[in-house]
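Visitor: One predicted model, sequence on top.
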Amino acid sequence: MAECHSIATLVDARAKLSASDGTPVDNPTEYRSLAGALQYLTLTRPDLAYVVQHVCLFMHDPREPHLAMIKRILRYVKGSLDHGLSISSSSASTLTVYSNADG
């Protein structure tokens, strides 16, 4: 995936994943590892949370369409490396909160 082209959109709105569609993946352990790594990434990338949770639903029996969705997520991440929350250490003892008051 290091040489893949990035994409601008996270999910295909027409794509519907099913537990029984497609053939089983050759290496379910690799699928679970990728899905787990993406779960970890959602700590700083909340925009990925929904779609990552969706592919994690199929860890018990991953199929080729599920793996294709993981690859799509990875292509999106490659094109959006500058997105996400910045977490850094600080010596400040105060909490600063920002809120969107429109609404």
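Guide: It's in.
Visitor: per-residue pLDDT, Val51?
Guide: The model reports Val51 with a pLDDT of 91.
Visitor: And Ala13, by the same measure?
Guide: Confidence for Ala13, expressed as pLDDT, is 65.
Visitor: Mind jotting down where the helices sit in this structure?
Guide: 28-41, 49-56, 64-79 (DSSP state H).
Visitor: tilt between the first one and helix 49-56?
Guide: Counting by axes from the mean of the first three to the mean of the last three Cα atoms, to 10 degrees, helix 28-41 lies at 160 degrees to helix 49-56.
Visitor: where does this structure have low pLDDT?
Guide: Counting by pLDDT under 70, the chain shows low-confidence ranges at 12-13, 102-103.
Visitor: go again using 80 as the cut-off
Guide: Low-confidence segments of the chain, defined by pLDDT under 80: 1-2, 10-15, 85-88, 90, 92, 95-103.
Visitor: list the buried ones in stretch 27-36?
Guide: Using 16 or more other Cβ atoms under 10 Å as the test for burial, stretch 27-36 gives Pro28, Tyr31, Arg32, Leu34, Ala35. In this view, the C-beta of every residue, glycine as well, is placed from N, C-alpha and C.
Visitor: got these as CSV, with distance to Glu3 columns?
Guide: Output for the buried residues of stretch 27-36, formatted as CSV (distance: Cβ to Cβ, whole Å):
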residue, distance to Glu3
Pro28, 25
Tyr31, 20
Arg32, 24
Leu34, 17
Ala35, 22
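Visitor: Can you tell me which of the helices of the chain is most buried?
Guide: The highest mean neighbour count among the helices of the chain, using mean count of other Cβ atoms under 10 Å, belongs to helix 64-79: a mean of 19.
Visitor: same for that one, what does it pack against?
Guide: The helices and strands touching helix 64-79, judged by 3 or more Cβ pairs under 8 Å, 6 or more residues apart in numbering; DSSP states H and E, are helix 28-41, helix 49-56.
Visitor: So what touches the shortest one?
Guide: In other words, helix 49-56. Residues outside helix 49-56 that contact it (Cβ atoms under 8 Å, 6 or more residues apart in numbering): Leu10, Val11, Leu17, Ala35, Leu38, Gln39, Leu41, Thr42, His66, Met69, Ile70, Ile73.
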